[in-house]
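Engineer: Sharing a model that was predicted from the sequence below.
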Amino acid sequence: MIAILGILLVFAAVIGGFLLEKGHIMVLMQPAEALIIAGAATGTLLTANPAHILKAVAKGLVGVVKGSPFSKERYLSTLRMMYQFLNKVRKEGFLSVEMDVEKPAESAIFKNFPEFLNDHHAVNFLCDTLRTAITGGVEPFDMDQMMDLDMEVHHRAAMQPVTALTTVADALPGLGIVAAVLGVVITMGALGGPPEEIGHKVAAALVGTFLGILLCYGVAGPLSSNMSKAAGEHNEYLHVLRVLLLAFLKGSAPMIAVEMGRRAIPAHVRPSFDEMERICKGGAASTEPAAA
């Protein structure tokens, strides 16, 4: 939602300044210029990217509107979930959580955390790592390497729609020039006519350049930057799971492993130790009857 407010502010500031300078708002209403730029930009996006990246761009734009899901509450919920899960592993062994890992949506622990289950990559990241741990025979160093590789592949995939949108943003000023040149061509054909008509056509041509630059630096560029930050936030979330799991696999107690995970949480959403301890122990106590 903040991103939408930002875009509205960009347009309000630009149009407001134009009106303060006694500009006529109707001069900016040039459907033909907008059609050329928007259509060419869409065509550029379709030409440069396969279907799965186009879907990822659409999903990323929806994510920008919704805002970041990785709040302090989300991290506290994840720490609580992992504390419960690791406690069960410590008391009953890895084999006791085999069904939780194979069918996380039916797990008595995971099903209490719908935000986690809706994050399919995080679920796969966690469950694939735990499957390997249940199988046994893999050293913690090798587990860490596997998790690092998984994160790298995911982050690379998450950056593809960002790159696609950045390419469109970079093309928009050029497409604005294309629209302006076409407007100049039309203007040249009208030479000898009334000065007012020629002036109107020149203004229409310049609007094409204006729209291309505005959409580049005021809309598409900031949106791609926001999507890039969202990809980084998801990678940071996976890093917390990685640190937490690795600590437990090396022999740390569940609370120590969760504390190491807490230390890996970005500073602006990191809960305090007291907040973590309160929700972990309180959450574990409240779910013991259900686990039994």
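Structural biologist: Done, it's in. Every value quoted in this text rests on a predicted model; they were computed, and no experiment measured them. Numbering: from 1, shown residues only.
Engineer: ok, Arg131 - how many residues close by?
Structural biologist: By other C-beta atoms under 10 Å, 13 other residues sit near Arg131. Quick note: C-beta positions are derived from backbone N, CA and C, even for glycine.
Engineer: Quickly find the element holding the residue nearest to it when sequence neighbours are not counted.
Structural biologist: Taking C-beta to C-beta, 6 or more residues apart in numbering, and ignoring the residues beside it in sequence, Arg131 has Val101 as its nearest neighbour in space, at 5.6 Å. According to DSSP states H and E, Val101 maps onto helix 98-102.
Engineer: buried set for that helix?
Structural biologist: Asp100, Val101 (16 or more other C-beta atoms under 10 Å).
Engineer: Asp170 reaches Ile213, doesn't it?
Structural biologist: No. Judged on C-beta atoms under 8 Å, Asp170 makes no contact with Ile213 at a distance of 11.8 Å.
Engineer: What score does the residue of the chain positioned farthest from its centre have for pLDDT?
Structural biologist: Farthest-out residue of the chain from its mean C-alpha position, per C-alpha atoms, centre = their mean: Gly192, at 53.8 Å. The confidence metric pLDDT takes the value 70 at Gly192.
Engineer: quick one, phi psi at it?
Structural biologist: Main-chain torsions, Gly192, degrees, to the nearest 10: phi 100, psi -10.
Engineer: let's have the chain start at 214 instead
Structural biologist: Yes, from this point I'll number from 214; that puts the last item at Gly405.
Engineer: measure it to Val397 for me?
Structural biologist: Separation of Gly405 from Val397 (C-beta to C-beta, to the nearest Å) stands at 16 Å.
Engineer: again with Asp357
Structural biologist: From Asp357 over to Val397 (counting by C-beta to C-beta), the distance is 60 Å.
Engineer: What of Ile492?
Structural biologist: For Ile492, the distance to Val397 (C-beta to C-beta) stands at 64 Å.
Engineer: Kind regards, and thank you for your time.
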